[in-house]
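> got a predicted structure here, sequence first:
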Amino acid sequence: MKTLIYFFIISSILFNDPSTGEEATFEDDSGVNDMGSSTRRKRFFWGDYQSPAVENFMKYIGSPYNTQSPSVDFFSFLRDPYPLPKGLKEPYSEYDFVIIGAGSAGCALASRLTKNRNITVLLLETGKPEMILTDVPAFAPTFQATDYVWHYYMEPQRGVCLGMNNKRCFWPRGRAVGGTSVINYMLYTRGRPKDWDRIAADGNYGWSYNDIIKYYVELENANLGGYEKQPHRGRNGEMPVEFVKTKTPLSNVFLEAGRILGHPTVDYNAPEELGFGQIQVTISNGRRYSAAKAFLHRHKNRPNLHILSDTTATKILIDPQTKIAYGVEYVRNNLLYTSLVRKEVIVSAGPIASPQLLMLSGIGPQEHLNSHKIPVIHNLPVGRRLYDHICFPGLVYTLNATGISFIENRELSLRNTISWLQHGDTAYASPGGVEGIGYIKTPVSDDPEPSVPDIELINIGGSIVSDGGPGASKSVRKGMRITESIFDEAFGSIDGTDTWSTFPMLLHPKSFGYIELKDSNPFSHPRLYGNYLTDPRDVATFVAAIRHVQALTATAPFQRYGAKIHPAKYKPCRKHTFDSDEYWECAVRTLTATLHHQIATCRMGPAGDKLAVVDPELRVHGIKQLRVVDSSILPRTISAHTNAPAMAIGLKAADLIKQTWNI
Ligand SMILES: Cc1cc2nc3c(=O)[nH]c(=O)nc-3n(C[C@H](O)[C@H](O)[C@H](O)COP(=O)(O)OP(=O)(O)OC[C@H]3O[C@@H](n4cnc5c(N)ncnc54)[C@H](O)[C@@H]3O)c2cc1C
Ligand SMILES: *[C@@H]1O[C@H](CO)[C@@H](O)[C@H](O)[C@H]1NC(C)=O
Ligand SMILES: *[C@@H]1O[C@H](CO)[C@@H](O)[C@H](O)[C@H]1NC(C)=O
């Protein structure tokens, strides 16, 4: 039945003439730094942005997402709504717990707390519920142009993001029931055991790998061609973890070449060995599995779980004398409400909004809060540290064979749409063309631990040019906000052709940034500083990684396809000879792309840790009945994309909270 509806909608869209039906008002979003006040909502530009297929999808189904008023929503039947329980028009004025943010961590936490029907939970979320198009893995980058994301931009910083519009890197975050897991690339990674053991060794009791693996096992429903039988995998959890159904021949080329250079083909999430492996994703039957789909959808009928979408928390209420958090202020349909808690307020708004909300509520660096005239309740280093994972998408190889990589114009066809609907296969089911992961330790790594890699190679069955060519969406380059002229000079000659690439991602940067408030308006965006590549060791690691990829592509499996490095020319790098170390440094500084794993802005650490915001039980230091539960608590870099860790944090927090309240 559902398949039939999909089919009807999608085919009717595809057969419609895209030139009819003028709808949305368009506005340029480049350089936009704040969303304005609660009454001024931005509309985003759809046209000129998509391939004909995507454009038609968006035009007919997407445009209602940009309506000014959330109450005018003709297409709500296509969404996954979360109404209040029958007979309830307004939420209660008091709950046991209020959770702010229905993201990866917040959804997992809410599902576990409300298992006990005596416990009432209010879950507040700024964004909207998912819809059928967010289910399509191939459309992941497309959603970065919609109001399913927060349009944050990093501040302009010297020597990085030089090839991006206004020299600013784009930091989208999910804004949906399901949070960033609704718009992410669905790659499933857990981190190395040593990463977690180091977190525990800092005094964070209960966070060693042996503690955390329990939650990974709990959340997983792994179906990985036999890997799921290993003891470290889970088969009874809510979150499907699978291989991608449709792959290019290049997927095996990468693994073969890896083996030649001494990288075994492994389950890269296994605790034992470093190696290369096929990508594992939170996709099932070709459909995205967000945290909401896994943890909330099935519990819609719980009378004790109230979910309010289109609702933004603006302040945590804390008694300045007792320092007890007792409620939350939130805005819904332009009205301000208050909800009180009997037990705790839990902030799960993600690594940017969680520290922002703490600071707005009087918890943060004293001087900084003073400068914005925010009364200080507790002085803590909120936002003072921020790690991120950046990668370099410009290492592109041309091939002498055609038809062996994902090319949007070839793959996103009507025939493949139908096949995706029926079988969940084709490029529509691909997480942006990612096919594998390889963990490597470059010769410049100064980490004494042999099992901790310094680079992750993200193997792509194509490259940054695969979404180009006549009429194609160019959604990946646009998602990164790469300047058109820089892109065209570098890659115009091979746009839309068969290529291979791998994005080297820096796992343990020495450089770190911070977050500050711009002002005291809860609807402003904070100021974001990545400080990328300020430590020269990070640059050296990138260059070493690029050299390793060159060795990889020199092997026979790649040479069977005549793999040849593309000598991209970048305006800022004209003075450097192609392939010199200086050239690569400049190239990385030009195409500095984040993988969006910002962490540590509400850092966890024991009492006495000068950088800590929350304690090892995620309670905000110095405040009672207030916790932070999301990826912002991670105190150190981990060798992982952060969706699975965030869900594990949510599940662990549920256990900590149940212990505290004996529920
Ligand atoms: C484009 C992109 C691709 C990514 N790809 C991957 C990947 O392939 N694999 C992977 O593991 N990780 C990936 N990540 C990272 C990963 O998805 C996130 O780190 C993870 O989802 C974070 O979970 P969280 O619970 O900390 O926060 P989020 O999931 O971001 O949840 C925070 C929620 O709080 C809401 N919120 C914020 N402020 C308020 C407020 N004041 N009131 C109410 N609600 C509020 C937000 O709208 C959001 O829904 C990607 C991230 C991005 C942006
Ligand atoms: C819920 O509350 C009732 C009455 O106080 C109690 O008997 C019951 O054991 C509680 N259930 C759970 C799961 O805690
Ligand atoms: C590609 O190049 C390799 C190595 O030069 C060669 O063996 C192979 O036949 C070429 N393939 C095609 C399709 O031209």
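Yep, that arrived. Numbers count the residues shown, from 1 in each chain. Ligands and ions are numbered 1, 2, ... in the order given.
> quick check: closest non-adjacent residue to whatever residue of the stretch 1-150 of the chain ends up closest to ligand 3.
Using Cβ to the nearest ligand atom, the closest approach of the stretch 1-150 of the chain to ligand 3 is made by residue 138 at 27.0 Å. (Glycine included, C-beta is placed from N, CA and C.) Ranked by Cβ to Cβ, 6 or more residues apart in numbering and with sequence neighbours excluded, the top spatial neighbour of residue 138 is residue 428, at 4.7 Å.
> from the protein, which residue is nearest to ligand 3?
Counting by Cβ to the nearest ligand atom, the chain gets nearest to ligand 3 through residue 562 (3.3 Å).
> ok, that residue touching residue 401?
Yes - if you go by Cβ atoms under 8 Å, residue 562 and residue 401 touch, sitting 7.4 Å apart.
> show the end-to-end separation of stretch 89-101, please.
21 Å (Cα to Cα, to the nearest Å).
> can you check stretch 554-570 too?
Taking Cα to Cα as the criterion, the two ends of stretch 554-570 lie 24 Å apart.
> ok, now which ones touch the residue nearest to residue 138?
The contact partners of residue 428, taken as Cβ atoms under 8 Å, 6 or more residues apart in numbering, are 136, 137, 138, 286, 411, 412, 416, 417, 420.
> same question for residue 293.
With Cβ under 8 Å, 6+ apart as the criterion, the residues that contact residue 293 are 80, 130, 178.
> phi and psi next, for it.
Listed backbone geometry of residue 293 is phi -60, psi -40, with angles given as degrees, to the nearest 10.
> how about the helices in the stretch 401-550 of the chain?
With helices called from DSSP state H, counting those that start in this stretch, the stretch 401-550 of the chain shows them at 408-411, 414-423, 475-479, 484-491, 536-553.
> mind putting these in a markdown table, mean pLDDT and mean neighbour count included?
Compiled in a markdown table, the helices of the stretch 401-550 of the chain are given as follows (pLDDT from 0 to 100; neighbours: other Cβ atoms under 10 Å):
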| stretch | mean pLDDT | mean neighbour count |
| --- | --- | --- |
| helix 408-411 | 92 | 20 |
| helix 414-423 | 92 | 16 |
| helix 475-479 | 94 | 23 |
| helix 484-491 | 98 | 18 |
| helix 536-553 | 98 | 20 |
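> closest one to ligand 1 among the ones you listed?
Of all the helices of the stretch 401-550 of the chain, helix 475-479 comes closest under Cβ to the nearest ligand atom, at 7.1 Å.
> for ligand 1, give me its nearest residue in the stretch 1-150 of the chain.
The stretch 1-150 of the chain approaches ligand 1 most closely through residue 103 (1.7 Å), counting by Cβ to the nearest ligand atom.
> okay, buried residues for stretch 331-349 please.
The neighbour-count check on stretch 331-349 (16 or more other Cβ atoms under 10 Å) flags 331, 332, 337, 339, 341, 343, 344, 345, 346, 347, 348, 349 as buried.
> ditto for stretch 395-405
So stretch 395-405, judged by 16+ other Cβ under 10 Å, has buried residues 395, 396, 397, 398, 399, 404, 405.
> need the contact list for the fifth one.
Residues counted as contacts of residue 399 (Cβ under 8 Å, 6+ apart) are 405, 498, 499, 500, 561, 562, 563, 564.
> state the phi and psi torsions of the fifth one.
It stands for residue 561. For residue 561, the backbone dihedrals (degrees, to the nearest 10) come out as phi -100, psi 20.
> hang on, isn't it packed against residue 254?
No - using Cβ under 8 Å, residue 561 and residue 254 do not qualify as a contacting pair, with a distance of 11.5 Å.
> so those two - more neighbours on which side?
Neighbours per residue, other Cβ atoms under 10 Å: of residue 561 and residue 254, the larger number sits with residue 254, 28 against 20.
> checking that one next. Helix, strand or coil?
For residue 254, the secondary-structure state derived from DSSP: H, G, I helix; E, B strand; the rest coil is helix.
> the stretch 51-200 of the chain: helices as residue ranges?
Remark: helices assigned in the stretch 51-200 of the chain by DSSP H, counting those that start in this stretch are 52-57, 104-113, 193-201.
> now for the last one, which elements pack on it?
Read that as helix 193-201. Judged by 3 or more Cβ pairs under 8 Å, 6 or more residues apart in numbering; DSSP states H and E, the packing partners of helix 193-201 are helix 209-219.
> which outside residues touch the following helix or strand past the helix it packs on?
Per DSSP states H and E, helix 209-219 leads on to strand 220-223 as the next helix or strand towards the C-terminus. Where contact means Cβ under 8 Å, 6+ apart, the residues beyond strand 220-223 that reach it are 228, 233, 234, 235, 236, 237, 238, 239, 240, 241, 242, 284.
> if we can go back for a sec, most widely separated two among the buried residues of stretch 331-349?
Between all members of the buried residues of stretch 331-349, the longest pairwise span (Cβ to Cβ) is found for 331 and 343 and amounts to 23.3 Å.
> just the helices of the stretch 51-200 of the chain: most buried one?
Neighbour counts averaged per stretch over the helices of the stretch 51-200 of the chain are highest for helix 104-113, at a mean of 30; criterion: mean count of other Cβ atoms under 10 Å.
> which other helices and strands contact it?
Contact partners of helix 104-113 among helices and strands, from 3+ Cβ pairs under 8 Å, 6+ apart: strand 94-100, strand 121-124, helix 291-295, helix 643-661.
> ok now the shortest one, how far from the chain's centre?
Yep, that's strand 121-124 we're talking about. Per Cα atoms, centre = their mean, to the nearest Å, the displacement of strand 121-124 from the mean C-alpha position of its chain is 22 Å.
> that strand near ligand 1 at all?
Yes - using Cβ under 6 Å from any ligand atom, a contact is recorded between strand 121-124 and ligand 1, made by residue 124.
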